[in-house]
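Student: sequence and predicted structure below; questions after.
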Amino acid sequence: MGCRDRAAKNDLLRIVAVEGVCVPDQRGTLPGRGAYLHPTRVCLDLAVRRRALSRAFRGPGVLDTTALRRFVEQGEQAPP
């Protein structure tokens with residue numbers, strides 16, 4: 001979504017909007033419309049800058065991405 005590169009579904013992170021907050025859905029089981037992006041800070045920054053999350057979830061205004069950003073940053077710091 002952010003970088004617009006294609007990847008396998010299991011390489012992407014599913015995101016769900018819950019009451020105006022973007023929440024990471026690792027298991028893919030949360031209800032609602034989902035959007036996918038690479039679990040990298042660069043891809044998340046591009047999605048936020050392009051307002052792609054608001055369009056994907058068809059919501060008015062800007063969504064809160066604090067929890068999502070924290071999750072992505074922790075994932076990047078974890079050793080492989």
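Tutor: Great, that's in hand.

Student: list the beta-bridge partners for the residue most central in space within the chain.
Tutor: With distances taken as CA atoms, centre = their mean, the residue of the chain nearest its centroid is I15 (4.5 Å). I15 has these beta-bridge partners by DSSP bridges: P24, A35.

Student: show me the contacts for it.
Tutor: Contacts for I15 (CB atoms under 8 Å, 6 or more residues apart in numbering) come out as 22-25, 34-37, 53, 68. The C-beta positions use only the backbone N, C-alpha and C, and glycine is treated the same way.

Student: distance check, it against D64.
Tutor: 12 Å (CB to CB, to the nearest Å).

Student: common neighbours of the two, please.
Tutor: With CB under 8 Å, 6+ apart, I15 and D64 have common neighbours C22.

Student: apart from its neighbours in sequence, what residue is nearest E76?
Tutor: R41 (6.2 Å; CB to CB, 6 or more residues apart in numbering).

Student: show the contacting residues for that neighbour.
Tutor: Neighbouring residues of R41 by CB under 8 Å, 6+ apart: 69, 72-73, 76.

Student: most neighbours out of those, which is it?
Tutor: Of all these, V72 has the most neighbours under the rule other CB atoms under 10 Å, reaching 22 neighbours.

Student: where in this structure is pLDDT low?
Tutor: For the chain, the stretches with pLDDT under 70 are 78-80.

Student: in it, mark out all the helices, start to finish.
Tutor: 41-49, 52-56, 66-77 (DSSP state H).

Student: no further queries at this time; thank you.
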